Every structure is written in C-alpha cells, then in structure tokens.
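[1] Have a look; sequence and predicted model below, questions after that.
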Amino acid sequence: MPCTTYLPTGDMLDVFDAAEKYQQEGHPLLVLAGKEYGSGSSRDWAAKGPFLLLDTGKTFQARMHFDTDVELTYFHHGGILNYMIHKMTE
C-alpha cells in the first residue's frame, strides 16, 4: 500500500487512512497526481479511493483523459473488476 506522512503527527499512514483522518477533521482534500497515477495493478483502487471519500452533497466537473481504448472500456464498466465479471458472465 502507498504510504504518506500524516502532517499533524508525522506518522506514516496508508494514503487512504490519512485521507480519512483529514476528512474527519474537516480538512478539504485535493488529489494531485502525476502521469503514472493509477497505473499497474493498483489502478482500480487508485480510482476508487478518492471516490469513497467524496462528500456526496457536492458535485464537481472533471476533464478526463484515457490513454487507450481499454482504459475507456474499464471506465464505462466501473473498473477492471466489474468489466471482468461482466465478461465472464456473458
């Protein structure tokens, strides 16, 4: 799991755990990610992690970029796991 420094204490926490703590304390969060964010085997959770922390009372618009048609297909199915389950049940 990727870790980060939780700034008030300096503790090393999983990124998701730190994000939850910041959210509970009322600190607004913004993900700044590089070109390779979400690549590899953790791509599904890289996409889901921020979604799970969203305050559903707020909306925002985002411009998205997909490098391949496969990534777009996974997005339309709600992630690689949902896509694979759908394909296996066809």
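    Good, I have the coordinates. If you're wondering where the values come from, they're calculated on a predicted model, not measured in any experiment.
[2] Could I get the full set of helices for the protein?
    15-24, 43-53, 69-76, 80-88 (DSSP state H).
[3] Export only the CA atoms of the first one, formatted as CSV.
    In other words, helix 15-24. Coordinates of each C-alpha in helix 15-24 appear next as CSV, following Å, rounded to 0.1, in the frame of the first residue of the first chain:
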residue,chain,number,x,y,z
VAL,A,15,-2.8,7.1,1.9
PHE,A,16,-6.5,6.2,2.3
ASP,A,17,-6.3,6.1,6.1
ALA,A,18,-4.6,9.6,6.1
ALA,A,19,-7.2,10.9,3.8
GLU,A,20,-10.0,9.6,6.1
LYS,A,21,-8.4,11.3,9.1
TYR,A,22,-8.0,14.6,7.2
GLN,A,23,-11.7,14.4,6.1
GLN,A,24,-12.9,13.6,9.7
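[4] Next one: A62 from D69, what distance?
    Separation of A62 from D69 (Cβ to Cβ, to the nearest Å) stands at 20 Å. Placement of C-beta: from N, CA and C, glycine included.
[5] okay, these two: which has more neighbours?
    Under the neighbour definition other Cβ atoms under 10 Å, A62 and D69 were set side by side, and D69 has more, 8 against 4.
[6] lowest-confidence helix or strand of this protein?
    Within the chain, confidence by mean pLDDT, DSSP states H and E is lowest for helix 43-53 among all helices and strands, at a mean of 62.
[7] count of neighbours near R63?
    R63, neighbours per other Cβ under 10 Å, totals 4.
[8] go on, H65?
    5.
[9] ditto for D11
    Counted with other Cβ under 10 Å, D11 comes out at 13.
[10] Correct me if wrong: it contacts D17.
    No: using Cβ atoms under 8 Å, D11 is not in contact with D17, being 9.6 Å away.
[11] thinking again about what came up before, could I get the helices of the chain as JSON lines with distance to T4?
    Formatted as JSON lines, these follow (distance: least, Cβ to Cβ, whole Å):
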{"stretch": "helix 15-24", "distance to T4": "5"}
{"stretch": "helix 43-53", "distance to T4": "12"}
{"stretch": "helix 69-76", "distance to T4": "25"}
{"stretch": "helix 80-88", "distance to T4": "24"}
